[in-house]
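Student: got a sequence here, can you model it:
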Amino acid sequence: MPTSFYQAIPEIIEHVRMDGPASILDVGVGFGKYGVLLREVFDIPFERYEKKSWQLKIDGIEGFEGYKNPLHEHVYDQVIYGDVESVIDQMGSYDTILMIDVLEHFEKPKGLEIIRKLLAHANKSVIISTPLYPDPQGDYLGNSLETHKSRWNLIDLLSFDFTFKQVNIDENGALLFKIFPHEKKEEPPSQPLVKKLKIAYVLPHLNLTGGLKMLLHQMEHLRRRGHEIYAVYKGDPGTRAVPNWHPIEVDGEIIVPRHDGYKNYIEHCDIIVAGWYQQLPELMEMADKTLYWEQGHNWLFGDYPNLYEAQWIRQEMNTLYQSTITMASVSSTVSGILKARFQKDAEIIPNGVDTDFYFPLTEERREEVLTILLVGNPFLKFKGFDVALKALRHVRNLGHHFKVKWVCQHNPEIGHVPFSIEYVVHPSQEELRNHFQTAHIFLFTSMYEGFGMPPLEAMSCGIPVITTRCGGINEYADGDNCLQVEPGDHLGAAQAIISLLEDKGKRDELRRKGRNTALKFSLHEVIGKLEHFMYKMNHRIDETGTY
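Tutor: As a prediction, this is how the structure comes out:
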């Protein structure tokens, strides 16, 4: 019978151990190694050597009875042979359910339905492992269930509440998901709909990040509409409340001493916008006027530093995201996560791009060797720059020539590559726009995104975009206005790069369609939705939407 990556075993066992389960269900028992290992962890160290003294209940489901062997009878309390979809309905509940290297044997709709069924029987978690790159595989030892039918990634499971880790194994790897069930809670009653506003933006930091840039854009455009805008920042006397890398005019800069609360400084405002969820505890006493616009971050996507930090981060997030503070989300992807994990309804208020600032040159810049542009922090793993570089190496090894320009916050450490890279570190916003305008292809390989602004900025500048299907980007990327590949698919990305390097007509088509898409997401278009939402919060609109 096929085996699975043994390198992933320690991580999987540690996930189980942290549950402290009294009962476990192993779906897809196979040879039975996880039954043996779990006995080693939960019974044998406590000198419970005989089966009659074992305290941990371990049941199994195996779809192919031909795998039956003495381990099944000795190590497991019972193994049921049959189709998991029908068998699971006959089972009770378990603290932890394992499904190790099983998910790839189902088409995705059926796989998702099986996960939902397992969650209905799980008290603490469903732990899933699936290959990063499943090998081509059909029937094995007469077992048609061994056929590989799907390749999964983080984006596929965003309707669930989970933690995630990728265990790299040579050129492949194992994707580990720990999915948590939740109790269904009653939804809070909708608030009644309720003219210029005093709006305080509580900025979490002054660093150059996409998230902060979006908050600054909102402040600028709301002020143009006549609202009073205050920038609020915790810092030392003499500190600016706005960053020096983005010139912005506000009606007031408010510096709050580091050890002081916000209330005495901003309670005169009608709306208070939190820039980061960890600011919410200090704003709780002004919850009725506080808005948190969630743009997405790695912890929200279940991507934590390690298992131990995940515990307290999840606890903190559960408390804060389930508070009474009003929340909005940047995309349907983020909105779905908030609903799945915290039972929080969040209206979608998308990002917008300044199409007056990000505009295309009249025609593509003519060069013998085309430039491929990367934008982002090389030290953020989820941005997938390792995938981008692997794709670019593959394209170069096939004999194609190109240049790479990488706009980033810090110099990457990538070693030798068989093509030239120009690093542009911490440019001004005008310089960033110029790099977009003069590139020939924009490559974006994130594993997940709450929205994903750089591809939209590239589209606004009329640059053809290649992007992964990384969640929030689906608000505007549809496969017609760009080329899309699955996250982690460096071969697919390489093929997309080659197709654009070789086909100017296709590049011209995507330049036009991308710009048209950006115009639909112009800040002039989307800021009205934010304004309307703030009016509703402030009860200045009646139920017909009239001011």
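
Student: domains in this protein, as residue ranges please.
Tutor: 6-180, 198-352+525-537, 371-521 (automatic domain parsing).

Student: how about residues contacting the lowest-mean-pLDDT helix or strand in the chain?
Tutor: Here the helix or strand of the chain ranked lowest by mean pLDDT, DSSP states H and E is helix 84-87, holding a mean of 86. Here helix 84-87 makes contact (C-beta atoms under 8 Å, 6 or more residues apart in numbering) with 27-28, 61, 63, 80, 102, 110, 113-114, 117. For every residue, glycine as well, the C-beta is placed using N, CA and C.

Student: correct me, but residue 246 touches residue 213?
Tutor: Yes: contact status for residue 246 versus residue 213: in contact at 6.7 Å, counting by C-beta atoms under 8 Å.

Student: all strands in the stretch 151-300 of the chain, in order from the N-terminus.
Tutor: Taking DSSP state E, counting those that start in this stretch as the test, the strands found in the stretch 151-300 of the chain are 161-169, 172-180, 198-202, 228-234, 252-256, 271-274, 290-294.

Student: distance from the chain centre to stretch 72-89, please.
Tutor: A distance of 34 Å separates the centroid of the chain from that of stretch 72-89, by C-alpha atoms, centre = their mean, to the nearest Å.

Student: would you state the helices of the stretch 251-400 of the chain in chain order?
Tutor: With DSSP state H, counting those that start in this stretch, the ranges of helices along the stretch 251-400 of the chain come out as 263-266, 280-283, 307-321, 332-342, 385-397.

Student: what's the closest of these to residue 106?
Tutor: Smallest distance to residue 106 across the helices of the stretch 251-400 of the chain (C-beta to C-beta): 20.3 Å, for helix 332-342.

Student: buried residues in that closest one, which are they?
Tutor: 333-342 (16 or more other C-beta atoms under 10 Å).

Student: what residues of the least confident helix or strand of the chain count as buried?
Tutor: residue 84.

Student: now stretch 72-82 - C-alpha only, PDB.
Tutor: Only the C-alpha atoms of stretch 72-82 are listed here, as PDB (Å, rounded to 0.1, in the frame of the first residue of the first chain):
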ATOM      1  CA  HIS A  72      -5.900  -2.900  12.700                       C
ATOM      2  CA  GLU A  73      -7.200  -5.500  15.200                       C
ATOM      3  CA  HIS A  74      -4.600  -4.900  17.900                       C
ATOM      4  CA  VAL A  75      -3.900  -1.200  17.900                       C
ATOM      5  CA  TYR A  76      -7.300   0.200  17.100                       C
ATOM      6  CA  ASP A  77     -10.500  -0.300  19.200                       C
ATOM      7  CA  GLN A  78     -12.300  -0.800  15.900                       C
ATOM      8  CA  VAL A  79     -11.800  -0.300  12.200                       C
ATOM      9  CA  ILE A  80     -14.800   0.200  10.000                       C
ATOM     10  CA  TYR A  81     -14.300  -0.700   6.400                       C
ATOM     11  CA  GLY A  82     -16.300   1.300   3.900                       C
END
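
Student: now do whatever helix or strand residue 530 lives in: distance to the chain's middle.
Tutor: When elements are assigned from DSSP states H and E, residue 530 belongs to helix 523-537. Centroid separation between helix 523-537 and its chain, computed with C-alpha atoms, centre = their mean, is 25 Å.

Student: the longest helix seen in the chain packs against which elements?
Tutor: As assigned by DSSP state H, the longest helix anywhere in the chain is helix 504-520. Applying 3 or more C-beta pairs under 8 Å, 6 or more residues apart in numbering; DSSP states H and E, one finds that helix 504-520 contacts helix 453-460, helix 490-502.

Student: contacts only, for the closest residue to residue 469 other than its chain neighbours.
Tutor: Once flanking residues are discounted, residue 469 sits nearest to residue 484: 5.3 Å by C-beta to C-beta, 6 or more residues apart in numbering. Neighbouring residues of residue 484 by C-beta under 8 Å, 6+ apart: 466-469, 477.

Student: return the member of the residues you listed nearest to residue 347.
Tutor: Proximity of the contacts of residue 484 to residue 347 was ranked by C-beta to C-beta; the top entry is residue 477 with 21.5 Å.

Student: quick check: phi and psi on the spatially closest residue to that closest one that is not a sequence neighbour?
Tutor: Counting by C-beta to C-beta, 6+ apart, residue 477 lies nearest to residue 467, which is 5.7 Å off, once chain neighbours are set aside. Phi and psi for residue 467, reported as degrees, to the nearest 10, are phi -140, psi 160.

Student: in the sheet, who's paired with residue 467?
Tutor: residue 444, residue 484 (DSSP bridges).

Student: need the contact list for it.
Tutor: Taking C-beta under 8 Å, 6+ apart, one finds 443-446, 452, 455, 473, 477, 482-485 in contact with residue 467.

Student: quick check, nearest of these to residue 437?
Tutor: residue 455 (14.8 Å).

Student: and the nearest residue to residue 208 once chain neighbours are set aside, what is it in contact with?
Tutor: Nearest residue to residue 208, sequence neighbours excluded (C-beta to C-beta, 6+ apart): residue 245, at 5.4 Å. By C-beta under 8 Å, 6+ apart, the contact set of residue 245 is 208, 426, 428-429.

Student: do that again at 10 Å, thanks
Tutor: Contact analysis of residue 245 by C-beta atoms under 10 Å, 6 or more residues apart in numbering lists 206-208, 212-213, 216, 426-429.

Student: cool, residue 244 as well?
Tutor: residue 206.

Student: and it, what's its pLDDT?
Tutor: pLDDT, the model's per-residue confidence, is 89 for residue 244.

Student: now do residue 454
Tutor: Model confidence at residue 454 (pLDDT) stands at 97.

Student: wait, what's in contact with the residue lying closest to it once chain neighbours are set aside?
Tutor: Among residues not flanking residue 454 along the chain, residue 375 sits closest, at 4.5 Å (C-beta to C-beta, 6+ apart). Applying C-beta under 10 Å, 6+ apart to residue 375 gives the contacts 210, 383, 405-408, 424, 432, 435-436, 439, 442-444, 453-455, 457-458.

Student: any idea how far residue 375 is from residue 212?
Tutor: Residue 375 sits 16 Å away from residue 212, going by C-beta to C-beta, to the nearest Å.

Student: what is the neighbour count of the residue nearest to residue 53 when sequence neighbours are not counted?
Tutor: Among residues not flanking residue 53 along the chain, residue 43 sits closest, at 7.7 Å (C-beta to C-beta, 6+ apart). Residue 43: 18 surrounding residues under other C-beta atoms under 10 Å.

Student: for residue 43, give me phi and psi.
Tutor: According to degrees, to the nearest 10, residue 43 has phi -120, psi -50.

Student: repeat for residue 128
Tutor: Residue torsions, per degrees, to the nearest 10, at residue 128 are phi -120, psi 140.

Student: isn't it right up against residue 163?
Tutor: No: assessed by C-beta atoms under 10 Å, residue 128 is found out of contact with residue 163, at 11.1 Å.
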